[in-house]
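> Below: sequence and its predicted model.
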Amino acid sequence: MESYLLDTSALSPLVDPGHPQHTVARAVVAALGTAPIYVSRVALAEMRYGIQLYEMATGASLPNAAAMIASAQQFPRMEITRHTVTEYAELKSILAVHYLPNVTRQFRRRYVEDWIDKFTGKALHVDDNDLWICAQARETNLTVITGDRRMEVIRRADPSVKLLII
């Protein structure tokens, strides 16, 4: 039986009834039946960041923040382990070799989201948190449930990364 890992872009609409993709996210998860679904600690951190940013920027509490966090924490949590670190390093190296014309430090931009695809000339538009989540999924052979089509960039470089895009 396939098992799954929620990315932030799938977790947020799943736990937020006011999100425009809420119904779609719930339908995708419901279609998985009794398959195990985990949530990444990285996704939980990103969700908490979004809530805190909203509250600091507006001076108001997000009305359903506590319910969203409680709902997100209903899923078993996937931790970052020492094995994840190895998977992350390998995955990031695979992306560098696949997309960058020259991977040496003097030519490679520091942040992966600033890397430019040597084939298209466009930024990759994935960040380190995306790589951490995919590394967790690689480590445990899970499929990442994501609402972010840009994650295809990672799968193109490493076909062992499995994605379910909602």
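Nice, thanks for sending it over.

> So for stretch 89-101, what gets flagged as buried?
Buried residues in stretch 89-101, defined by neighbour count with 16 or more other C-beta atoms under 10 Å: 91, 92, 95, 96, 98, 99, 100. All C-beta spots, glycine's among them, are computed from the backbone N, C-alpha and C.

> nearest spatial neighbour of the second one, skipping sequence neighbours?
Take residue 92 and drop its neighbours on the chain: the residue closest to it by C-beta to C-beta, 6 or more residues apart in numbering is residue 131, 5.6 Å away.

> Secondary structure element holding the one you found?
helix 128-140 (DSSP states H and E).

> What ranges does this structure have for its strands?
4-6, 37-40, 77-78, 143-146, 162-165 (DSSP state E).

> what's the distance between the shortest one and the middle of its chain?
Centre-to-centre, strand 77-78 and its host chain are 13 Å apart (C-alpha atoms, centre = their mean, to the nearest Å).

> Same question for stretch 59-66.
23 Å.

> Residues in contact with it: which ones?
Applying C-beta atoms under 8 Å, 6 or more residues apart in numbering, the external contacts of stretch 59-66 come out as 16, 17, 18, 51, 54, 55, 68.
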